[in-house]
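**Q** prediction below, plus the sequence it came from.
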Amino acid sequence: MDTKQAESELALIKQMMADSRQVVADNGRHYIFWGIVVTAALVANYIMALQHVSMNYAGMMWFITMISASIIDAIVERRKQKISRVKTFAGRLLGALWAASGISMFMLGFVGTITGAYNAIYICSLISIVLGVAYYTSGSIQQIKWLQWLSLGWWAGAVYTFVYPSIHTLLIFALMMICFQVIPGIILYKKWKKSNTEIEM
Amino acid sequence: MTDFNYHEIDDVIHSRIRTAIMAVLISVEEAEFTFIRNKINATDGNLSVHLKKLEEHNYISVKKEFVERKPMTKYKISGEGRRAFEEYIKKLESIIKGNI
(Lines give C-alpha, C1' and ligand atoms only; values in the text may rest on other atoms or scores of the structure.)
Protein backbone atom coordinates (compact mmCIF):
# COMPACT_ATOMS: atom_id res chain seq x y z
CA MET A 1 0.00 0.00 0.00
CA ASP A 2 1.38 3.40 -0.92
CA THR A 3 0.80 6.78 0.70
CA LYS A 4 -1.96 7.73 -1.72
CA GLN A 5 -3.90 4.53 -1.03
CA ALA A 6 -3.48 5.00 2.72
CA GLU A 7 -4.76 8.57 2.48
CA SER A 8 -7.74 7.41 0.45
CA GLU A 9 -8.52 4.65 3.00
CA LEU A 10 -8.27 7.09 5.89
CA ALA A 11 -10.51 9.60 4.09
CA LEU A 12 -13.12 6.86 3.54
CA ILE A 13 -13.00 5.89 7.22
CA LYS A 14 -13.41 9.50 8.36
CA GLN A 15 -16.30 10.06 5.97
CA MET A 16 -18.11 6.87 7.02
CA MET A 17 -17.64 7.63 10.71
CA ALA A 18 -18.86 11.23 10.36
CA ASP A 19 -21.82 10.10 8.28
CA SER A 20 -22.85 7.37 10.74
CA ARG A 21 -22.56 9.71 13.73
CA GLN A 22 -24.96 12.15 12.07
CA VAL A 23 -27.88 9.84 12.75
CA VAL A 24 -30.57 11.88 14.48
CA ALA A 25 -30.68 10.44 17.99
CA ASP A 26 -33.69 12.35 19.25
CA ASN A 27 -37.04 11.88 17.53
CA GLY A 28 -38.78 14.57 19.61
CA ARG A 29 -41.55 12.19 20.63
CA HIS A 30 -40.77 12.55 24.33
CA TYR A 31 -40.86 16.34 24.11
CA ILE A 32 -44.30 16.30 22.47
CA PHE A 33 -45.75 13.60 24.73
CA TRP A 34 -44.54 15.05 28.04
CA GLY A 35 -45.18 18.62 26.88
CA ILE A 36 -48.86 17.86 26.20
CA VAL A 37 -49.32 15.76 29.38
CA VAL A 38 -47.76 18.40 31.66
CA THR A 39 -49.58 21.28 29.94
CA ALA A 40 -52.92 19.50 30.39
CA ALA A 41 -52.15 18.78 34.06
CA LEU A 42 -51.07 22.41 34.62
CA VAL A 43 -54.31 23.76 33.15
CA ALA A 44 -56.32 21.27 35.25
CA ASN A 45 -54.34 22.34 38.35
CA TYR A 46 -54.99 26.03 37.52
CA ILE A 47 -58.75 25.42 37.25
CA MET A 48 -58.67 23.43 40.53
CA ALA A 49 -56.87 26.32 42.22
CA LEU A 50 -59.42 28.84 40.93
CA GLN A 51 -62.21 26.60 42.26
CA HIS A 52 -60.42 26.39 45.65
CA VAL A 53 -60.14 22.60 45.39
CA SER A 54 -57.92 21.13 48.14
CA MET A 55 -54.18 20.93 47.34
CA ASN A 56 -54.32 17.24 48.25
CA TYR A 57 -56.54 16.54 45.24
CA ALA A 58 -54.22 18.51 42.98
CA GLY A 59 -51.27 16.50 44.32
CA MET A 60 -53.15 13.26 43.73
CA MET A 61 -54.04 14.36 40.18
CA TRP A 62 -50.35 15.07 39.46
CA PHE A 63 -49.21 11.78 40.98
CA ILE A 64 -51.68 9.67 38.98
CA THR A 65 -50.95 11.59 35.75
CA MET A 66 -47.17 11.33 36.09
CA ILE A 67 -47.16 7.63 37.00
CA SER A 68 -49.59 6.73 34.17
CA ALA A 69 -47.63 8.82 31.64
CA SER A 70 -44.34 7.21 32.75
CA ILE A 71 -45.78 3.71 32.26
CA ILE A 72 -47.17 4.57 28.80
CA ASP A 73 -43.89 6.23 27.80
CA ALA A 74 -41.83 3.22 28.98
CA ILE A 75 -44.02 0.78 26.99
CA VAL A 76 -43.87 2.86 23.80
CA GLU A 77 -40.11 3.44 24.18
CA ARG A 78 -39.44 -0.28 24.64
CA ARG A 79 -41.28 -1.04 21.41
CA LYS A 80 -39.47 1.76 19.55
CA GLN A 81 -36.10 0.45 20.75
CA LYS A 82 -36.87 -2.99 19.38
CA ILE A 83 -37.71 -1.78 15.88
CA SER A 84 -35.00 0.89 15.63
CA ARG A 85 -32.41 0.24 12.91
CA VAL A 86 -29.55 1.82 14.77
CA LYS A 87 -28.54 2.50 18.35
CA THR A 88 -26.21 5.40 18.88
CA PHE A 89 -23.99 6.43 21.78
CA ALA A 90 -25.67 9.86 21.70
CA GLY A 91 -29.04 8.14 22.09
CA ARG A 92 -27.81 6.27 25.16
CA LEU A 93 -26.49 9.52 26.70
CA LEU A 94 -29.77 11.31 26.01
CA GLY A 95 -31.71 8.45 27.62
CA ALA A 96 -29.56 8.67 30.76
CA LEU A 97 -29.83 12.47 30.86
CA TRP A 98 -33.62 12.53 30.61
CA ALA A 99 -34.07 9.64 33.05
CA ALA A 100 -31.94 11.49 35.63
CA SER A 101 -33.80 14.75 34.94
CA GLY A 102 -37.17 12.99 35.23
CA ILE A 103 -36.28 11.49 38.61
CA SER A 104 -35.01 14.89 39.81
CA MET A 105 -38.23 16.61 38.69
CA PHE A 106 -40.32 13.90 40.37
CA MET A 107 -38.44 14.46 43.63
CA LEU A 108 -38.74 18.24 43.39
CA GLY A 109 -42.43 18.00 42.57
CA PHE A 110 -43.52 15.46 45.13
CA VAL A 111 -40.94 14.78 47.86
CA GLY A 112 -40.03 18.46 48.33
CA THR A 113 -43.61 19.63 48.79
CA ILE A 114 -44.91 16.63 50.76
CA THR A 115 -42.14 17.10 53.33
CA GLY A 116 -42.92 20.82 53.45
CA ALA A 117 -39.37 21.76 52.49
CA TYR A 118 -40.72 24.60 50.32
CA ASN A 119 -43.97 26.16 49.13
CA ALA A 120 -45.67 24.29 46.26
CA ILE A 121 -45.85 27.53 44.25
CA TYR A 122 -42.10 27.21 43.58
CA ILE A 123 -42.30 23.73 42.00
CA CYS A 124 -42.55 25.21 38.50
CA SER A 125 -39.50 27.43 39.08
CA LEU A 126 -37.42 24.49 40.33
CA ILE A 127 -38.53 22.24 37.49
CA SER A 128 -37.70 25.01 34.98
CA ILE A 129 -34.11 25.02 36.30
CA VAL A 130 -33.81 21.23 35.81
CA LEU A 131 -35.30 21.52 32.31
CA GLY A 132 -32.80 24.28 31.49
CA VAL A 133 -29.93 21.95 32.43
CA ALA A 134 -31.47 19.06 30.46
CA TYR A 135 -32.00 21.19 27.34
CA TYR A 136 -28.53 22.69 27.47
CA THR A 137 -26.88 19.27 27.77
CA SER A 138 -29.21 17.66 25.25
CA GLY A 139 -28.43 20.36 22.68
CA SER A 140 -24.73 19.93 23.33
CA ILE A 141 -24.84 16.12 22.88
CA GLN A 142 -26.74 16.44 19.61
CA GLN A 143 -24.89 19.55 18.49
CA ILE A 144 -28.16 21.43 18.04
CA LYS A 145 -27.46 25.02 18.99
CA TRP A 146 -31.07 26.22 19.08
CA LEU A 147 -31.93 23.46 21.57
CA GLN A 148 -29.18 24.77 23.83
CA TRP A 149 -30.53 28.31 23.50
CA LEU A 150 -33.94 27.13 24.72
CA SER A 151 -32.37 26.52 28.14
CA LEU A 152 -32.14 30.31 28.50
CA GLY A 153 -35.92 30.44 28.12
CA TRP A 154 -36.36 27.86 30.89
CA TRP A 155 -33.94 29.66 33.20
CA ALA A 156 -35.51 33.06 32.48
CA GLY A 157 -38.92 31.55 33.28
CA ALA A 158 -37.50 30.16 36.55
CA VAL A 159 -36.22 33.60 37.56
CA TYR A 160 -39.56 35.26 36.69
CA THR A 161 -41.66 32.73 38.62
CA PHE A 162 -39.29 32.95 41.60
CA VAL A 163 -39.57 36.75 41.67
CA TYR A 164 -43.32 36.95 40.91
CA PRO A 165 -44.91 33.83 42.40
CA SER A 166 -48.68 33.64 41.96
CA ILE A 167 -51.45 31.28 40.95
CA HIS A 168 -50.75 32.37 37.35
CA THR A 169 -47.34 30.68 37.57
CA LEU A 170 -49.17 27.51 36.48
CA LEU A 171 -50.38 29.15 33.27
CA ILE A 172 -47.00 30.75 32.59
CA PHE A 173 -45.37 27.35 32.99
CA ALA A 174 -47.98 25.79 30.66
CA LEU A 175 -47.15 28.43 28.04
CA MET A 176 -43.43 27.71 28.49
CA MET A 177 -44.19 24.01 28.01
CA ILE A 178 -45.84 24.71 24.65
CA CYS A 179 -43.17 27.15 23.42
CA PHE A 180 -40.03 25.45 24.76
CA GLN A 181 -41.09 21.80 24.66
CA VAL A 182 -44.01 20.90 22.37
CA ILE A 183 -43.01 23.13 19.42
CA PRO A 184 -39.28 22.13 19.60
CA GLY A 185 -40.47 18.52 19.85
CA ILE A 186 -42.43 18.89 16.60
CA ILE A 187 -39.36 20.43 14.89
CA LEU A 188 -37.14 17.55 16.13
CA TYR A 189 -39.73 15.01 15.01
CA LYS A 190 -39.82 16.49 11.48
CA LYS A 191 -36.01 16.44 11.34
CA TRP A 192 -35.92 12.83 12.53
CA LYS A 193 -38.64 11.79 10.09
CA LYS A 194 -36.68 13.36 7.21
CA SER A 195 -33.42 11.62 8.15
CA ASN A 196 -35.24 8.34 8.70
CA THR A 197 -36.76 8.53 5.22
CA GLU A 198 -33.25 9.00 3.83
CA ILE A 199 -32.05 5.88 5.71
CA GLU A 200 -35.01 3.84 4.44
CA MET A 201 -34.36 4.85 0.82
CA MET B 1 14.84 3.09 5.17
CA THR B 2 12.58 0.21 6.19
CA ASP B 3 10.80 -1.67 3.43
CA PHE B 4 7.03 -1.81 3.50
CA ASN B 5 5.83 -5.04 5.09
CA TYR B 6 2.46 -6.07 3.71
CA HIS B 7 2.06 -8.63 6.49
CA GLU B 8 1.54 -5.79 8.95
CA ILE B 9 -1.72 -4.75 7.32
CA ASP B 10 -4.78 -6.56 8.69
CA ASP B 11 -6.17 -8.44 5.69
CA VAL B 12 -9.55 -8.92 7.32
CA ILE B 13 -10.14 -5.16 7.49
CA HIS B 14 -8.10 -4.27 4.43
CA SER B 15 -10.88 -4.33 1.87
CA ARG B 16 -12.81 -1.23 0.84
CA ILE B 17 -16.17 -2.63 1.88
CA ARG B 18 -15.00 -4.21 5.17
CA THR B 19 -13.19 -1.00 6.12
CA ALA B 20 -16.43 0.90 5.53
CA ILE B 21 -18.43 -1.62 7.60
CA MET B 22 -15.98 -1.31 10.49
CA ALA B 23 -16.06 2.51 10.25
CA VAL B 24 -19.87 2.49 10.45
CA LEU B 25 -19.99 0.02 13.34
CA ILE B 26 -17.34 1.79 15.40
CA SER B 27 -19.41 4.99 15.21
CA VAL B 28 -22.64 3.50 16.56
CA GLU B 29 -23.55 1.15 19.35
CA GLU B 30 -25.47 -1.31 17.19
CA ALA B 31 -26.76 -1.25 13.62
CA GLU B 32 -29.25 -3.27 11.64
CA PHE B 33 -28.33 -4.85 8.27
CA THR B 34 -30.28 -2.37 6.13
CA PHE B 35 -28.77 0.60 7.97
CA ILE B 36 -25.24 -0.61 7.13
CA ARG B 37 -26.26 -1.46 3.56
CA ASN B 38 -27.66 2.02 2.96
CA LYS B 39 -24.69 3.74 4.55
CA ILE B 40 -22.13 1.96 2.40
CA ASN B 41 -24.22 1.49 -0.76
CA ALA B 42 -23.62 -2.24 -1.06
CA THR B 43 -25.85 -5.01 -2.38
CA ASP B 44 -27.37 -7.46 0.09
CA GLY B 45 -25.32 -10.43 -1.16
CA ASN B 46 -22.02 -8.57 -1.21
CA LEU B 47 -22.58 -7.10 2.23
CA SER B 48 -23.53 -10.50 3.71
CA VAL B 49 -20.28 -12.06 2.48
CA HIS B 50 -18.14 -9.33 4.03
CA LEU B 51 -20.09 -9.27 7.27
CA LYS B 52 -19.65 -13.05 7.51
CA LYS B 53 -15.89 -12.69 7.14
CA LEU B 54 -15.74 -10.06 9.91
CA GLU B 55 -17.93 -12.27 12.08
CA GLU B 56 -15.70 -15.31 11.52
CA HIS B 57 -12.74 -13.33 12.84
CA ASN B 58 -14.74 -12.17 15.87
CA TYR B 59 -14.47 -8.54 14.82
CA ILE B 60 -18.23 -8.12 15.00
CA SER B 61 -21.05 -9.86 16.84
CA VAL B 62 -24.44 -10.69 15.36
CA LYS B 63 -27.86 -10.73 16.98
CA LYS B 64 -30.79 -12.19 15.07
CA GLU B 65 -34.33 -11.61 16.26
CA PHE B 66 -37.90 -11.38 15.10
CA VAL B 67 -39.60 -8.03 15.51
CA GLU B 68 -43.29 -7.97 14.60
CA ARG B 69 -42.79 -11.30 12.78
CA LYS B 70 -40.04 -9.84 10.61
CA PRO B 71 -36.42 -11.04 10.91
CA MET B 72 -33.96 -8.40 12.03
CA THR B 73 -30.20 -8.84 12.09
CA LYS B 74 -28.20 -6.44 14.22
CA TYR B 75 -24.43 -6.06 14.22
CA LYS B 76 -22.09 -4.72 16.86
CA ILE B 77 -18.33 -4.26 16.84
CA SER B 78 -16.50 -6.48 19.37
CA GLY B 79 -13.62 -5.50 21.64
CA GLU B 80 -11.28 -7.44 19.40
CA GLY B 81 -12.68 -5.69 16.33
CA ARG B 82 -12.29 -2.28 17.94
CA ARG B 83 -8.63 -2.99 18.80
CA ALA B 84 -7.94 -4.33 15.30
CA PHE B 85 -9.57 -1.31 13.68
CA GLU B 86 -7.60 1.14 15.84
CA GLU B 87 -4.43 -0.73 14.96
CA TYR B 88 -5.37 -0.57 11.27
CA ILE B 89 -5.82 3.21 11.46
CA LYS B 90 -2.44 3.56 13.19
CA LYS B 91 -0.85 1.59 10.34
CA LEU B 92 -2.48 3.85 7.75
CA GLU B 93 -1.23 6.93 9.59
CA SER B 94 2.27 5.44 9.76
CA ILE B 95 2.24 4.82 6.01
CA ILE B 96 1.15 8.42 5.39
CA LYS B 97 3.87 9.74 7.69
CA GLY B 98 6.36 7.50 5.92
CA ASN B 99 7.29 5.43 8.96
CA ILE B 100 6.64 2.13 7.25
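**A** Everything's here; your move. Numbers count the residues shown, from 1 in each chain, chains lettered A, B, ... in the order given.

**Q** how about the residues of chain B near chain A?
**A** Proximity of chain B to chain A, by C-beta under 8 Å from any C-beta of the partner chain, involves residues B:4, B:6, B:9, B:14, B:16, B:19-20, B:23-24, B:26-32, B:34-35, B:38-40, B:67-68, B:72, B:89, B:92-93, B:95-96, B:98. Any C-beta I mention is one placed from the backbone N, CA and C, and that applies to glycine too.

**Q** show the buried residues in the residues you listed.
**A** Listed as buried from these are B:9, B:19-20, B:23-24, B:26-28, B:30-32, B:34-35, B:38-40, B:72, B:89, B:92, B:95-96; burial here means 16 or more other C-beta atoms under 10 Å in any protein chain shown.

**Q** those in helices, which ones?
**A** Per DSSP state H, helices hold the following members of those: B:19-20, B:23-24, B:26-27, B:34-35, B:38-40, B:89, B:92, B:95-96.

**Q** what comes up buried for stretch A:117-124?
**A** Counting neighbours by 16+ other C-beta under 10 Å, stretch A:117-124 gives A:121, A:122, A:123, A:124 as buried.

**Q** next, the distance between the ends of stretch B:22-40.
**A** Between the opening and closing residues of stretch B:22-40 we find a distance of 11 Å, counting by C-alpha to C-alpha, to the nearest Å.

**Q** so for that stretch, what's the average pLDDT?
**A** Mean pLDDT, computed over stretch B:22-40, is 93.

**Q** elements contacting whichever helix or strand residue A:60 is part of?
**A** Secondary structure assignment for residue A:60, by DSSP states H and E: helix A:55-83. Secondary-structure packing of helix A:55-83 (3 or more C-beta pairs under 8 Å, 6 or more residues apart in numbering or on different chains; DSSP states H and E): helix A:29-50.

**Q** what's the helix it packs on packed up against?
**A** Applying 3+ C-beta pairs under 8 Å, 6+ apart, we find helix A:29-50 packed against helix A:55-83, helix A:169-177, helix A:183-200.

**Q** most tightly packed of these?
**A** Highest mean neighbour count among those (mean count of other C-beta atoms under 10 Å in any protein chain shown): helix A:169-177, with a mean of 21.

**Q** find the centremost residue of the chain, please.
**A** Because you didn't say which chain, this covers chain A. Centroid-nearest residue in chain A: residue A:31, 4.8 Å away (criterion: C-alpha atoms, centre = their mean).

**Q** sorry, should have said chain B
**A** Centroid-nearest residue in chain B: residue B:22, 2.7 Å away (criterion: C-alpha atoms, centre = their mean).

**Q** picking up where we left off before, what's the spacing between the residue nearest to the centre of chain A and chain B?
**A** Remark: distance between residue A:31 and chain B (C-beta to the nearest C-beta, to the nearest Å) = 22 Å.

**Q** which one is residue A:140 nearest to, not counting chain neighbours?
**A** Closest residue to residue A:140 apart from its sequence neighbours, by C-beta to C-beta, 6 or more residues apart in numbering or on different chains: residue A:148 at 6.1 Å.

**Q** name the element the one you found belongs to?
**A** Secondary structure assignment for residue A:148, by DSSP H and E: helix A:145-163.

**Q** returning to that earlier point: out of the helices and strands packed on helix A:29-50, which gets the lowest mean score?
**A** The stretch with the lowest mean pLDDT among the helices and strands packed on helix A:29-50 is helix A:183-200, at a mean of 80.

**Q** other residues contacting it?
**A** Outside helix A:183-200, the residues that touch it by C-beta atoms under 8 Å, 6 or more residues apart in numbering or on different chains are A:22-24, A:26-33, A:35, A:85-86, A:146-147, A:150, B:34-35, B:38.

**Q** I'd like to know which of these are buried.
**A** Listed as buried from the contacts of helix A:183-200 are A:23-24, A:26-33, A:35, A:85-86, A:147, A:150, B:34-35, B:38; burial here means 16+ other C-beta under 10 Å.

**Q** redo the helices and strands packed on helix A:29-50 as JSON lines? Include distance to residue A:2.
**A** As requested, the helices and strands packed on helix A:29-50 are exported to JSON lines (distance: least, C-beta to C-beta, whole Å):
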{"stretch": "helix A:55-83", "distance to residue A:2": "45"}
{"stretch": "helix A:169-177", "distance to residue A:2": "60"}
{"stretch": "helix A:183-200", "distance to residue A:2": "35"}
